[in-house]
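Colleague: pasted the sequence and its predicted model underneath.
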Amino acid sequence: MTLGKKDNCQDCKKSFNLVKRYKNTNLCEKCFGLGVNVNLGKNTNISSRVNYQIHPKENLYFKFRVFFSLIFYIVLFKLLIAAGPQLVIIKVYAIIIAVYILFRHGLLIGYIKGNAIRLTPKQFPGIYKSAEIQSKKLGLHKIPSIYLMQAGGLLNAFATRFFGRNYVVIYSEILETAYQKGNKAVDFIIGHELGHIKRNHMTKNLLLFPSLFVPFLGAAYSRACEYTCDRIGYVLCREGSKTGMLILAAGKHLHSNVNIDEYIFQSNKETGFWKWFAEVLSSHPNLPKRLAEMKNNARL
């Protein structure tokens, strides 16, 4: 390694005074710390972009959703051609539905912007830095807007998209855990939500909206997406995967006392129609199943 007085960073192209050189590759300290995906040789400690496996059912259900959505769009196109005088009525109803969906989602974004705390390099810088690093590792072109929001004690986080802009919202109870137990669990949860952005789940759900009329298909696809994002969160922060899952099940204080094997066994023992039906209608798999899926794939 040699030091130079001034050069341009290979990644961000900005000029800086202190240069770190690795086999003719110049990176500023910021890009070096973010793990820029460049070829620096085998002996360097810079992190490369992560590899993850998509859950097979995500691709399967995605194909079904594309199929049924295409049928809907074809039928709708033919109806519009043959509609005649009724075409105006169809357009009016379509506009009303679209405006309602847009207005409802816009209110959510407006509430987040108006009340939640946006994470920046000066606001919760440690969590923001972790999200920045994970975004780089996933190859996201832009770091999503990340907000902290109080939600009456709920332990959760979610990702959404509005007018081409991605958002990640973390409930405050999750972040409190980070300051008590360390950031790893939060890193896993943020990595999970970034996985939704990486996989373009929100855009896909919008374009494939007609397939939601097929019973159970939309929920089944959503559950498969959750499994994929669990895998993404795992490869981004393995150390926080177990704690991150258990916090959602038992809370920020009791999660460390949970016996994972017994929790999974309990879920397998508890059977019946209502348990099965409740999960079939849910957008998320049951938590013991998510833990078991990671254990069965040697991820814990």
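Modeller: Yes, it's here.
Colleague: so which bits of the longest helix anywhere in the chain are buried?
Modeller: Counting residues, the longest helix in the chain under DSSP state H turns out to be helix 87-115. Going by neighbour count (16 or more other CB atoms under 10 Å), the buried part of helix 87-115 is Ile109, Ile112. The way it works is simple: take the backbone N, C-alpha and C, and place the C-beta from them, glycine included.
Colleague: just checking, next helix/strand downstream of that helix?
Modeller: Going down the chain from helix 87-115, the next helix or strand is strand 117-118, by DSSP states H and E.
Colleague: can you list contacts of stretch 50-64?
Modeller: The contact list for stretch 50-64 (CB atoms under 8 Å, 6 or more residues apart in numbering) reads 137-138, 195, 199, 204, 208, 211, 214, 217, 220-221, 223-225, 227-228, 231-232, 235-236.
Colleague: and that stretch, end to end?
Modeller: Counting by CA to CA, to the nearest Å, you get 28 Å between the two ends of stretch 50-64.
Colleague: and it, how far out from the chain middle?
Modeller: In this view, stretch 50-64 has its centroid 14 Å away from the chain centroid, taken as CA atoms, centre = their mean, to the nearest Å.
Colleague: buried set for it?
Modeller: For stretch 50-64, by 16+ other CB under 10 Å, it's Val50, Tyr52, His55, Glu58, Tyr61, Phe62.
Colleague: just stretch 281-296 next, same as before
Modeller: Pro285, Asn286, Leu287, Pro288, Lys289, Arg290, Leu291, Ala292, Glu293, Met294.
Colleague: kindly export it (C-alpha atoms) in PDB.
Modeller: Only the C-alpha atoms of stretch 281-296 are listed here, as PDB (Å, rounded to 0.1, in the frame of the first residue of the first chain):
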ATOM      1  CA  LEU A 281     -54.800 -16.300   4.300                       C
ATOM      2  CA  SER A 282     -51.700 -14.600   5.700                       C
ATOM      3  CA  SER A 283     -49.100 -12.600   3.800                       C
ATOM      4  CA  HIS A 284     -46.300 -14.000   6.100                       C
ATOM      5  CA  PRO A 285     -45.400 -17.600   7.000                       C
ATOM      6  CA  ASN A 286     -45.700 -18.600  10.600                       C
ATOM      7  CA  LEU A 287     -42.600 -17.600  12.500                       C
ATOM      8  CA  PRO A 288     -41.600 -21.200  13.500                       C
ATOM      9  CA  LYS A 289     -41.700 -22.200   9.900                       C
ATOM     10  CA  ARG A 290     -39.300 -19.300   9.000                       C
ATOM     11  CA  LEU A 291     -36.900 -20.400  11.700                       C
ATOM     12  CA  ALA A 292     -37.200 -24.000  10.600                       C
ATOM     13  CA  GLU A 293     -36.500 -23.100   7.000                       C
ATOM     14  CA  MET A 294     -33.300 -21.300   7.900                       C
ATOM     15  CA  LYS A 295     -32.200 -24.200  10.200                       C
ATOM     16  CA  ASN A 296     -33.000 -26.800   7.600                       C
END
